[in-house]
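**Student:** below are the sequence and a predicted model; questions follow.
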Number of protein chains: 2
Amino acid sequence: MKIICSDLEGVFIPEIWVNVAEKTGINDLRLTTREISDYDVLMAKRLEVLDKHGLKLKDITDVIATIKPLDGALEALNWIRERAQIIILSDTFEEFARPLMKKLNYPALLCHSLVIDNEGKIADYKLRQANQKKQAVKAFKGLNYNVIAFGDSYNDTAMLKEADYGFFFRPPDNVVKEFPQFDVTHTYDEIKAKLNSLI
Amino acid sequence: MKIICSDLEGVFIPEIWVNVAEKTGINDLRLTTREISDYDVLMAKRLEVLDKHGLKLKDITDVIATIKPLDGALEALNWIRERAQIIILSDTFEEFARPLMKKLNYPALLCHSLVIDNEGKIADYKLRQANQKKQAVKAFKGLNYNVIAFGDSYNDTAMLKEADYGFFFRPPDNVVKEFPQFDVTHTYDEIKAKLNSLI
């Protein structure tokens, strides 16, 4: 039996932090792992920035609730869910993802979580597991699934490698160059064509 | 982080084979593991009966498409999906479940599959894995999830035992007697109350 594992941001929804930066006008929230390569340092910085601006979880999720899925994403995801099981593997946080998952009709999502204090402030974050995307693919293989995976960037490559078949969706050029073994798709129709031949 | 694993038949939808027997008027399809305890013998008998009546997969799924989720199931499942991740673990077959999963807005489902021949006949079935419900709970624990599980009968008890917290939903009396360690719920409101205290 086949199961599909896919990334979330850049595949079905826009990048959350970039959008939060745009919509709040707080430029410091634009920082990504390109500027600060250590994820823990980056997240500490983001939480510090939120705190400095007095932003609580609710303020951020209100902003996130105004973000729309990518054009065609809902239709593509519905198409997949009518034909196969798909589990979304994301390095985002459950609390941030929720308003967007609602717009995608609540597909299953395995990701991380935030620690919220009594005043509703984001006190900390909890990565559920290192290499969680790869580990999840491994777990599904252990459940006798043949795993098809797709994602858009670096943090997906371990998952694509671990999958029985992995491919990119709209990856940056440098990632394509570094991982030439993975096919590249650019449109949801290309994803559908690929899945049609696989499931 | 928490994840919920639940059974399907008897929890969110009625028993599929019993309903197929009723709607087709084929009494031999009423047989369950109560009459024929060996599952493989039972399934061979069911496939033989379908073949005898000239029923193909499409005939059966057309019948299954007329089955409705249990009263209140969709609302309860939506309530859960707005608050947490739920993965349905069922010993049914993907092809049979699909028309019903549509009515439940396609929650994630891990189950078994059928082998369909060129003429659309059900040639065979494939159990994805022995003890698949228990194995799935184990896998989610390995992904650092705290697992809450619920189901209605014998084939759920290994999953309930493996989970961090397991409870019954509308179980038969003999199952309750044999497994007194699991709390019993009877209504979706009771499931909600339980989950509210756990997630």
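**Tutor:** Received the coordinates, thanks.
**Student:** only C-alpha atoms for contact and neighbour calcs from this point on.
**Tutor:** OK.
**Student:** any idea how many residues pack against A:W17?
**Tutor:** Using other Cα atoms under 10 Å in any protein chain shown, A:W17 has 19 neighbouring residues.
**Student:** contact residues of chain A facing chain B?
**Tutor:** A:1, A:81-82, A:85-87, A:98, A:102, A:105-110, A:112-113, A:128-129, A:132, A:135-136, A:139-140, A:142-145 (Cα under 8 Å from any Cα of the partner chain).
**Student:** can you rerun that using 6 Å?
**Tutor:** By Cα under 6 Å from any Cα of the partner chain, the residues of chain A that approach chain B are A:A108, A:A139.
**Student:** show me the helices in chain A, by range?
**Tutor:** Along chain A, the stretches classed as helices by DSSP state H are A:16-24, A:39-52, A:57-64, A:73-83, A:94-103, A:132-142, A:154-162, A:173-178, A:188-198.
**Student:** out of these, nearest to B:F93?
**Tutor:** helix A:73-83 (13.5 Å; Cα to Cα).
**Student:** leaving out the residues flanking it, which one is nearest to A:H112?
**Tutor:** A:F93 (4.6 Å; Cα to Cα, 6 or more residues apart in numbering or on different chains).
**Student:** now do the buried residues in stretch A:150-168.
**Tutor:** A:150-153, A:156-168 (16 or more other Cα atoms under 10 Å in any protein chain shown).
**Student:** circling back to that earlier point, arrange the helices of chain A in CSV, one row each, with mean pLDDT as further columns.
**Tutor:** Output for those, formatted as CSV (pLDDT from 0 to 100):
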stretch, mean pLDDT
helix A:16-24, 93
helix A:39-52, 92
helix A:57-64, 95
helix A:73-83, 98
helix A:94-103, 96
helix A:132-142, 98
helix A:154-162, 95
helix A:173-178, 94
helix A:188-198, 97
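**Student:** the ones you listed: which one's closest to B:L74?
**Tutor:** For B:L74, the closest of the helices of chain A is helix A:94-103, at 15.4 Å, according to Cα to Cα.
**Student:** may I have that closest one exported as CSV, CA atoms only?
**Tutor:** Taking C-alpha atoms only, helix A:94-103 is exported to CSV below (Å, rounded to 0.1, in the frame of the first residue of the first chain):
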residue,chain,number,x,y,z
GLU,A,94,0.7,23.0,15.5
GLU,A,95,-0.6,26.3,17.0
PHE,A,96,0.6,28.3,14.0
ALA,A,97,-0.6,25.8,11.4
ARG,A,98,-4.1,25.4,12.8
PRO,A,99,-5.9,28.4,11.1
LEU,A,100,-4.4,27.3,7.8
MET,A,101,-5.2,23.6,8.2
LYS,A,102,-8.8,24.7,8.6
LYS,A,103,-8.7,26.3,5.2
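**Student:** just the buried residues of that helix, please?
**Tutor:** Quick answer for helix A:94-103 (16+ other Cα under 10 Å): A:E94, A:E95, A:F96, A:A97, A:R98, A:P99, A:L100, A:M101.
**Student:** which of those sits closest to chain B?
**Tutor:** Nearest to chain B out of the buried residues of helix A:94-103 is A:R98 (Cα to the nearest Cα; 7.7 Å).
**Student:** what sits closest to that closest one if chain neighbours are left out?
**Tutor:** Using Cα to Cα, 6+ apart and skipping the chain neighbours, the partner closest in space to A:R98 is B:E82 (7.7 Å).
**Student:** ok, now A:R170?
**Tutor:** That would be A:H186: by Cα to Cα, 6+ apart, it lies 4.9 Å from A:R170.
**Student:** buried residues, stretch A:13-20. List them.
**Tutor:** A:I13, A:P14, A:I16, A:W17, A:V18, A:N19, A:V20.
**Student:** contacts only, for A:L8.
**Tutor:** A:S90 (Cα atoms under 6 Å, 6 or more residues apart in numbering or on different chains).
**Student:** the same query, at a cut-off of 8 Å, please.
**Tutor:** A:L8 makes contact with A:I88, A:L89, A:S90, A:G151, according to Cα atoms under 8 Å, 6 or more residues apart in numbering or on different chains.
**Student:** out of those, who's nearest chain B?
**Tutor:** Closest approach between those and chain B, by Cα to the nearest Cα: A:I88, at 10.4 Å.
**Student:** roughly how far apart are that closest one and A:K141?
**Tutor:** Separation of A:I88 from A:K141 (Cα to Cα, to the nearest Å): 15 Å.
**Student:** this completes my enquiry, with thanks.
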